[in-house]
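Student: no sequence for this one, just the structure:
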């Protein structure tokens, strides 16, 4: 089973890769949407050079899908359809996703892949997010790079997602940020050949979200 993975640069995608490979999936390709106006991962804001370093560290070919900013749903779906065709040309038959419990998101992914010859796989689906976050905190070097200040205080921007950070999360915040409270970037994980060296850059507020930049070092 040759598989691709929807790669956000964050912890859930990284853990989904680990789970999928452990289950026997031959995951060869990472599919990532890029905000072409800023050359960053869409939504997470991760710089493209860090994304490419992640793919190399995880032993994945990278298929970048450029999106305009702003991007309509029609353009998004058209470009993703083109990406699916490119994956099929590579012999991909499975697409791995790191979704945890949002049924509407899962249903959308299933619908978009219907009839394409690529089957969706959700290796983390239904797992306890508290247990998953604790495992990630103990084995990954993960940084909070984007947050919704209406759901999480701005002071969490840039923090390492470790046990202390999890303990500090306000009541009602999902420990994996599955409801959109925050997004992450992984600098090291068991599936990486070597850690990624990055330093914290500036923190800015844009379009209602707080972004804490990571800048690749030692390249």
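Tutor: Nice, I can see it. What you see is a predicted model, and the numbers here were worked out from it, not measured in a lab. Numbers count the residues shown, from 1 in each chain.
Student: mind checking pLDDT for residue 70?
Tutor: In this prediction, residue 70 carries a pLDDT score of 89.
Student: which ones are touching residue 94?
Tutor: By CB atoms under 8 Å, 6 or more residues apart in numbering, the residues touching residue 94 are 1, 2, 3, 4, 25, 118, 119, 120, 121. (C-beta placed from N, C-alpha, C; glycine too.)
Student: most widely separated two among those?
Tutor: Checking those against each other with CB to CB, the farthest-apart pair comes out as 2 and 120, at 14.6 Å.
Student: more crowded one of those two?
Tutor: More crowded of residue 2 and residue 120, by other CB atoms under 10 Å: residue 120, with 18 against 14.
Student: in three-state terms, label the more buried one for me.
Tutor: Residue 120 carries the three-state label strand when classified by DSSP: H, G, I helix; E, B strand; the rest coil.
Student: residue ranges with poor pLDDT in the protein?
Tutor: Segments of the chain classed as low confidence (criterion: pLDDT under 70) are 219.
Student: domain ranges for it, per the record?
Tutor: The record assigns the chain these domain ranges, following automatic domain parsing: 2-121, 129-216.
Student: helices or strands next to the lengthiest helix in the chain in the packing?
Tutor: In terms of residue count, the longest helix belonging to the chain (DSSP state H) is helix 73-89. Helix 73-89 is packed against strand 26-35, strand 61-67, helix 103-113, with contacts defined by 3 or more CB pairs under 8 Å, 6 or more residues apart in numbering; DSSP states H and E.
Student: surely residue 50 touches residue 216?
Tutor: Yes - proximity of residue 50 to residue 216 meets the contact threshold set by CB atoms under 8 Å, at 5.2 Å.
Student: these two - which one has more neighbours?
Tutor: residue 50 (24 against 17).
Student: of the contacts of residue 94, keep whichever come out buried.
Tutor: Taking 16 or more other CB atoms under 10 Å as the criterion, what is buried in those is 3, 4, 25, 118, 120, 121.
Student: out of those residues, who's nearest residue 206?
Tutor: So of the buried ones among the contacts of residue 94, ranked by how close each gets to residue 206 (CB to CB), first place is residue 4, at 29.5 Å.
Student: in a strand, that closest one, correct?
Tutor: Yes - counting by three-state DSSP, residue 4 is located in a strand.
Student: beta partners of it?
Tutor: Partner residues in beta bridges with residue 4: residue 29, residue 95, with DSSP bridges as the criterion.
Student: work out for me the element the spatially closest residue to residue 23 that is not a sequence neighbour sits within.
Tutor: In space, and not counting its chain neighbours, residue 23 is closest to residue 123: 6.4 Å by CB to CB, 6 or more residues apart in numbering. Element membership of residue 123, judged by DSSP states H and E, is empty: it is in no helix or strand.
Student: which parts of stretch 41-53 are buried?
Tutor: Within stretch 41-53, the residues that qualify as buried are 41, 42, 44, 45, 46, 47, 48, 50, 51, 52, 53, counting by 16+ other CB under 10 Å.
Student: how far out from the middle of the chain is it?
Tutor: Shown here is stretch 41-53, whose average C-alpha point lies 9 Å from the average C-alpha point of the whole chain (CA atoms, centre = their mean, to the nearest Å).
Student: that one: end-to-end distance?
Tutor: End-to-end distance of stretch 41-53: 13 Å, with CA to CA, to the nearest Å as the criterion.
Student: perfect, I'm done here.
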